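In: I'd like to go over a predicted model; first the sequence, then the structure.
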Amino acid sequence: MRTLHLRFPEADRSHPILIDPGLLDRCGELLRMAGLGEPVALISDAMVMAHQGERVRRALRQAGIPFVELVLPPGEETKTLSAAADLYRQLVRAGLGRDGTLLAVGGGVILDLAGFVAATYMRGIPFVSAPTTLLAMVDAAIGGKVGVDLPEGKNLVGAFYPPRLLLIDPTALDTLPTSEWRHGMAEVVKAALIGDPALWEQLRAAPARWAQPPEGRERLELLERAIAVKARIVERDPWETQGEREQLNLGHTFGHAFERLSGYRVPHGEAVAAGMRAAAVLSARLGLLETPDLPHELEKLLQGLGLPTRWQAWLSGYGIQATPEEVIEAMGTDKKRRAGRLRFVLLHRPGLVRTYGDVPPEAVRQALMETA
């Protein structure tokens, strides 16, 4: 079993990241070994429970852990304050006190929502995270950010609340549709561009090879390398006060605007892919790129993975018509703004990105026109 430790400045916020096939079948034993309290509130969505529910239930029963199941509808529309309030009430009715544990099993929506509930219920209860999608394993579950959406924007209400234990079971990916794997690959590409040039070259050399989940050791290595990029950055800037953690938002200023324009109907991974392409073109327009072919290479890689690179054409496939001006307006509530200015993570070369807060609006508009 591979164990990484994500260390936060406060010792009690550090936690192990366990990566091994079959961890969901051992989750009860692992909760016992970690000394976590009872009862356990198992929070997931209906789709995840249909595939992974029996494994988790069996593991908790075998460990003799009493638990209550709280099952939500799947989808981003579930990640709201009203859903959180409903979960609070269910936890109260289930008799969960501060000595109980919240176990979240699912994708990014479930982990964000359940983590936010754990951070705020009775001023904080222990939280264990078990991601079941590639996107959640390499991004959403790493770093302790939890939260919910508002109609005005994504993740505008939240907290930093790392789990006590993070369980990454690669076998959970076996039940995912291919589209969900590809959405997660957008975050793997992002990690490679930010902090693993060798991984970037590996992905770029054979895009079609990575459009389907690899097997065995190859899958484990992909997970470990993408997770390691984010974990290194989070350790250096855990509370996003030094500016370094902002690098993890590559493609997200554009991507979150696309999501907002769609009413959060488009998949997050697709939005990130289209956003990264726009960010690469913006980087080129501002003369930042040390590797001029990078926007074209990124476009080829994303297309090979079955991900969008032309945002307007992609949104129209979901019945959404938008102009560059509407995208810029949708960026207006982005939580990464400072002093009223939008901040963009821009590329210099694979392995070197920086955040800029003085990007001319006309350059943003031109980049959107070029990538429409």
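Out: Sure thing, it's come through.

In: how about the strands in this protein?
Out: Defined through DSSP state E, the strands belonging to the chain, from first to last, are 2-6, 15-19, 40-45, 67-72, 101-106, 127-131, 145-150, 153-160, 165-168, 344-349, 352-356.

In: list the buried residues in the longest one.
Out: Under the neighbour-count criterion of 16 or more other Cβ atoms under 10 Å, strand 153-160 has 153-155, 157-158, 160 buried. For the C-beta atoms, the positions are set from N, CA and C on the backbone; glycine is no exception.

In: wait, what's in contact with the residue nearest in space to the middle of the chain?
Out: Per Cα atoms, centre = their mean, the C-alpha nearest to the average position across the chain is that of residue 140, at 2.7 Å. Contacts here follow Cβ atoms under 8 Å, 6 or more residues apart in numbering; on that basis residue 140 touches 107-108, 111-112, 131.

In: who wins on neighbours among those?
Out: Of all the contacts of residue 140, the highest neighbour tally under other Cβ atoms under 10 Å goes to residue 107, namely 29 neighbours.

In: OK, contacts around that one?
Out: 45, 48, 131-133, 135-136, 140 are the contacts of residue 107 under Cβ under 8 Å, 6+ apart.

In: put together a markdown table for the residues you listed, with distance to residue 120 and pLDDT on each row.
Out: Formatted as a markdown table, the entries for those read as follows, by distance: Cβ to Cβ, whole Å; pLDDT from 0 to 100:
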| residue | distance to residue 120 | pLDDT |
| --- | --- | --- |
| 45 | 20 | 97 |
| 48 | 23 | 97 |
| 131 | 21 | 98 |
| 132 | 23 | 98 |
| 133 | 24 | 98 |
| 135 | 24 | 97 |
| 136 | 21 | 98 |
| 140 | 18 | 94 |
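
In: name the nearest of those relative to residue 321.
Out: Of all the contacts of residue 107, residue 321 sits closest to residue 135, with 26.7 Å by Cβ to Cβ.

In: residue 109: neighbouring residues, count only.
Out: Here the neighbour count serves as a burial measure; for residue 109 (other Cβ under 10 Å) it reads 25.

In: hmm, I typed the wrong one, I wanted residue 94.
Out: For residue 94, the tally of surrounding residues (other Cβ under 10 Å) stands at 15.

In: burial measure for the nearest residue to it once chain neighbours are set aside, as a count.
Out: Once flanking residues are discounted, residue 94 sits nearest to residue 68: 4.3 Å by Cβ to Cβ, 6 or more residues apart in numbering. Here the neighbour count serves as a burial measure; for residue 68 (other Cβ under 10 Å) it reads 16.

In: does residue 68 have beta-bridge partners, and which?
Out: When bridges are taken as DSSP bridges, the partners of residue 68 come out as residue 41.

In: does residue 27 touch residue 60 like I think?
Out: Yes. Between residue 27 and residue 60 a contact is recorded at 7.0 Å, counting by Cβ atoms under 8 Å.

In: who has more neighbours out of those two?
Out: Under the criterion of other Cβ under 10 Å, the comparison of residue 27 against residue 60 puts residue 27 first, with 28 against 23.

In: next up, the contacts around that one.
Out: 56, 59-60, 103, 128, 130, 167.

In: what of residue 51?
Out: With contact set as Cβ under 8 Å, 6+ apart, residue 51 has these partners: 132, 172, 175.

In: tell me how far it lies from residue 175.
Out: Between residue 51 and residue 175 the distance, using Cβ to Cβ, to the nearest Å, works out to 4 Å.

In: the stretch 251-372 of the chain: helices as residue ranges?
Out: Taking DSSP state H, counting those that start in this stretch as the criterion, the stretch 251-372 of the chain carries its helices at 252-261, 268-285, 294-304, 311-316, 324-330, 361-370.

In: and the angle for the longest one with helix 252-261?
Out: Here helix 268-285 points in a direction 130 degrees away from that of helix 252-261 (axes from the mean of the first three to the mean of the last three Cα atoms, to 10 degrees).

In: again, but for the last one
Out: Between helix 361-370 and helix 252-261, the angle comes out at 70 degrees (the same axes, to 10 degrees).

In: only alpha carbons, please: show helix 361-370 as PDB.
Out: Provided in PDB are the C-alpha atoms of helix 361-370 (Å, rounded to 0.1, in the frame of the first residue of the first chain):
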ATOM      1  CA  PRO A 361      -9.400  42.700 -20.700                       C
ATOM      2  CA  GLU A 362      -9.000  43.000 -24.500                       C
ATOM      3  CA  ALA A 363      -6.400  40.200 -24.400                       C
ATOM      4  CA  VAL A 364      -8.900  38.000 -22.600                       C
ATOM      5  CA  ARG A 365     -11.600  38.800 -25.200                       C
ATOM      6  CA  GLN A 366      -9.200  38.100 -28.100                       C
ATOM      7  CA  ALA A 367      -8.200  34.700 -26.500                       C
ATOM      8  CA  LEU A 368     -11.900  33.800 -26.200                       C
ATOM      9  CA  MET A 369     -12.500  34.800 -29.800                       C
ATOM     10  CA  GLU A 370      -9.500  32.700 -31.000                       C
END
